[in-house]
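In: Mind looking at a prediction? Sequence and model below.
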Amino acid sequence: MATQKNRHRFASKRLGYCMLVPALALIGLTQIYPFLYGVLMSVTDYNLLRPKNTSFIGLGNFVELFTSDKTFYATLWFTFAYAVSIVVFSYLVGLLTAVLLNKKLRGRSLYRTIILLPWVIAPMVMATNWLWLLNDQFGLVNRVLVRLGIVQEPILFLATKPMARVTVILVGVWKNIPFMTITLLAGMQSINADLYEAARIDGANGIKSFWHITLPLIQPVAVVSVTLLLIWAFNGFENVYLLTEGGPASATMLMSIYAYNTAFLRSQMGYASAISVTMLVIMMGLCLAYQRVSKQAR
C-alpha cells in the first residue's frame, strides 16, 4: 500500500514538472538567454557591420565607458534627475489627488476613471498628442499662452535644452500620476475609519489626522509605489524617445536611449551591451535598496 502511494505521488509530481517545461522553456528563450547573451557581448567588441571580426576584450568597454565617455556621465546624470523628479512630483501630486478622491464627493467614481486615462493611453498616442499640443506654430498650449498675454512669443518646448528637459519630465509626471494616485488611494481606503473618529474626539483636526494617521499607515504602500516608480522611470525609454529622441543635442538623453542609439545607429553592440549591463547593476542596487527600505517600513 505504501509503495503504491509513493508511486502515485511520484507520478503526480512528474506530471507537474512536465507541465512546467513549456513555461520554463519560454522564459529561458525570451529572458534568460537574451540576458546571458547580452552579458557575453558586453565583454566583446561585437559590431553589427563586422560580426565575424568579433574578439574578446574583457572589461575594455567598461573601462572606456567610465574613463573617456563624457556622454555617458551626462546621460547618467540626466537619467537620475529624470527618475527622481518624476518620483517626487508624481508622489506629491498623486498624494494630493488621492486625498481628494478619498473624500465623499459626488461623481467620485467618474473622477477615478478619468484620473486613469494618462496611464492607459498608448505611448505613441500620448507622444503624438503632446507633440501637437506643444507645437510652437499651431499648438494649443502656445496659442492659449499668447492670447492670455502670459508670453509674447511661442515657447519652444522641445527645441531648447532647458525647456526640453523640463517638458519631458512634466510629461513623465503626467503619465505616472495615475499609478501613484491609485496605489495611495488603495492604502488610504484600507485605514480603519474608527481611527479618524477617535482622533476627532481627541480634538485633532484634519491636518493632524493626516500627518499622524494617514501618512504613517500608508507608508508600506508608499514605499513599494515609490520604489517601483523609481525603477520604471530610471529604465524608461518610449516616452522620451517619442518626444525628443534624446535631443536637442543629447539634452534629454536617457541611458536606455543611449544604449539603443549605440547599438542600432552606431552598430556597436558590444559597447551598448556594456551600457545595458551598467544599467542592470544600478537597477539591482535600487532593488536591494527597496528590499531594505521595505523591511524597515514593516
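Out: Done, it's in.

In: CA atoms for contacts and neighbours, from now on please.
Out: OK.

In: what about the stretch 151-298 of the chain, any weak spots by pLDDT?
Out: The stretch 151-298 of the chain contains residues with pLDDT under 70 at 290-291, 293-298.

In: What are the boundaries of the strands in it?
Out: For the stretch 151-298 of the chain, applying DSSP state E, counting those that start in this stretch gives no strands.

In: just so I have it, where are all the helices in it?
Out: Assigned by DSSP state H, counting those that start in this stretch, the helices in the stretch 151-298 of the chain fall at 161-189, 193-201, 206-209, 215-217, 219-234, 238-244, 255-264, 269-297.

In: how far out from the middle of the chain is the shortest one?
Out: Put plainly, it is helix 215-217. Put simply, helix 215-217 sits 24 Å off its chain's centre (CA atoms, centre = their mean, to the nearest Å).

In: buried sites along it?
Out: 215, 217 (16 or more other CA atoms under 10 Å).

In: I'd like to check what contacts it. Which residues are they?
Out: Residues outside helix 215-217 that contact it (CA atoms under 8 Å, 6 or more residues apart in numbering) are 187, 188, 191.

In: Ok, which of the helices of the stretch 151-298 of the chain comes nearest residue 136?
Out: Evaluated with CA to CA, the helices of the stretch 151-298 of the chain place helix 161-189 nearest to residue 136, the distance being 12.4 Å.

In: That closest one - contacts with which helices or strands?
Out: helix 70-101, helix 117-120, helix 219-234, helix 238-244 (3 or more CA pairs under 8 Å, 6 or more residues apart in numbering; DSSP states H and E).

In: Next, the angle helix 269-297 makes with the third one.
Out: In this case it means helix 219-234. Orientation note: helix 219-234 sits at an angle of 170 degrees relative to helix 269-297 (axes from the mean of the first three to the mean of the last three CA atoms, to 10 degrees).

In: helices or strands next to helix 219-234 in the packing?
Out: Against helix 219-234 (3+ CA pairs under 8 Å, 6+ apart) you get helix 70-101, helix 161-189, helix 269-297.
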